[in-house]
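**Student:** Return atomic coordinates for the entry below.
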Amino acid sequence: MSRTIKFAKAGGPEVLEFIEMEVPAPGPHEVRIKVKAIGINRAESMWRNDKYVESPIFPAGLGYDCAGVVDAAGKDVADFAVGDSVSTIPAFSLNRYFTYGEVILAPDHAIVKHPASLSFVEAASVWMMFITAYGALVFDAHVKTGDFVIIPAASSSVGLAAIQIANQAGATPIALTRTSDKKKRLHEAGAAHVVATREQDMVAEVMRITNGHGARVAFDPVGGADLAKLIAALTNEGIVYIYGALSEDDTPIPVLEMIRKMTIVKGYSIRLVTGDEARRKAAVDYVTRGLASGALKPVIDRIFKFDDMVEVHRYLENSGQFGKIVVTL
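**Tutor:** Now for the predicted structure:
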């Protein structure tokens, strides 16, 4: 039996319920994991509210990231054995698998043996943040030395990962944050430049930083009215990746500006790399090398207990964190 968190209707954090459920033996290409830590993602809040890229089938589970120990391995599982310390990659539908539980099932293609240098808390925070940033900036945009990358919501776990990955690729990260409160921490996290968007003219600052040329890439989880400002801050043939919808406002498209600059706006999901075996392996290898070298390091904001998951979701939705929220069991 496993204490597991599910929800029977869409809504606020209060819809989350603890239930006791039997976790079956793993099927072919599945492993069963005793969970030690769970990484919390904004996607799970959107999923709980039925505002995600797919809709939940009720009663629904939640969770993409976790780390733990293999408890059982199903038929045809070749690379993992009972006792292995592993973590999950977001490479599955939340309507089929989930990580908010004491014991969970996961497909073997979506787990990795996490580096021995990482704690369970760190391992639970790694894959969503770093693979999301890797897929847009490295796999698709091929950022390189001389490129400037604008990173809105830079103090989120994915934003901080994007700063590190841009630096590792030789590009220059420009972190966006609402006020000056987090400026010092963002510089310490590797941001070459930080713009407080409520206090400064973001477009003018980016143009100053880039000597009037504009940035080549913007990596945006927000959308809303500020998308037009991001496009204005790009160079000709610049790219905006939209990978989230934190703003609840409409997202207007400045058509003439885009025509003039030949701007590319791409909807982006981690599935671009996790949904393909070869791309997924390349992403894991890239992140693993970065962790080993020290170029990549997860930033943990706060650690909660599993019993506090409702409060965890309230904290998540306040958008005040700096890095990854992790829950321990």
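**Student:** And the helices in the stretch 1-150 of the chain?
**Tutor:** For the stretch 1-150 of the chain, the helices defined by DSSP state H, counting those that start in this stretch occupy 42-48, 120-134.
**Student:** quick one: the first one to chain centroid distance?
**Tutor:** Pointing back at helix 42-48 there. Taking Cα atoms, centre = their mean, to the nearest Å, one finds helix 42-48 lying 12 Å from the centre of the chain it belongs to.
**Student:** what's that helix packed up against?
**Tutor:** Judged by 3 or more Cβ pairs under 8 Å, 6 or more residues apart in numbering; DSSP states H and E, helix 42-48 is in contact with helix 309-317. Glycine gets a C-beta too; all of them are placed from N, C-alpha and C.
**Student:** if we can go back for a sec, can you say which of the helices of the stretch 1-150 of the chain is packed in most?
**Tutor:** Across those, averaging neighbours per residue (mean count of other Cβ atoms under 10 Å) puts helix 120-134 on top, at a mean of 27.
**Student:** Who are the packing partners of that helix?
**Tutor:** strand 30-40, strand 65-73, strand 85-88, helix 157-168, helix 271-274, helix 277-293, strand 300-305, strand 324-328.
**Student:** Serialize these to JSON lines and add fields for distance to I239.
**Tutor:** JSON lines is the format used below for the helices and strands packed on helix 120-134 (distance: least, Cβ to Cβ, whole Å):
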{"stretch": "strand 30-40", "distance to I239": "27"}
{"stretch": "strand 65-73", "distance to I239": "27"}
{"stretch": "strand 85-88", "distance to I239": "29"}
{"stretch": "helix 157-168", "distance to I239": "13"}
{"stretch": "helix 271-274", "distance to I239": "14"}
{"stretch": "helix 277-293", "distance to I239": "18"}
{"stretch": "strand 300-305", "distance to I239": "29"}
{"stretch": "strand 324-328", "distance to I239": "26"}
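**Student:** now these in JSON lines, with mean pLDDT?
**Tutor:** What follows is the helices and strands packed on helix 120-134, written out as JSON lines (pLDDT from 0 to 100):
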{"stretch": "strand 30-40", "mean pLDDT": "98"}
{"stretch": "strand 65-73", "mean pLDDT": "98"}
{"stretch": "strand 85-88", "mean pLDDT": "98"}
{"stretch": "helix 157-168", "mean pLDDT": "98"}
{"stretch": "helix 271-274", "mean pLDDT": "97"}
{"stretch": "helix 277-293", "mean pLDDT": "96"}
{"stretch": "strand 300-305", "mean pLDDT": "98"}
{"stretch": "strand 324-328", "mean pLDDT": "98"}
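**Student:** In JSON lines, list these along with mean neighbour count.
**Tutor:** Formatted as JSON lines, the helices and strands packed on helix 120-134 follow (neighbours: other Cβ atoms under 10 Å):
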{"stretch": "strand 30-40", "mean neighbour count": "25"}
{"stretch": "strand 65-73", "mean neighbour count": "23"}
{"stretch": "strand 85-88", "mean neighbour count": "25"}
{"stretch": "helix 157-168", "mean neighbour count": "27"}
{"stretch": "helix 271-274", "mean neighbour count": "21"}
{"stretch": "helix 277-293", "mean neighbour count": "16"}
{"stretch": "strand 300-305", "mean neighbour count": "15"}
{"stretch": "strand 324-328", "mean neighbour count": "23"}
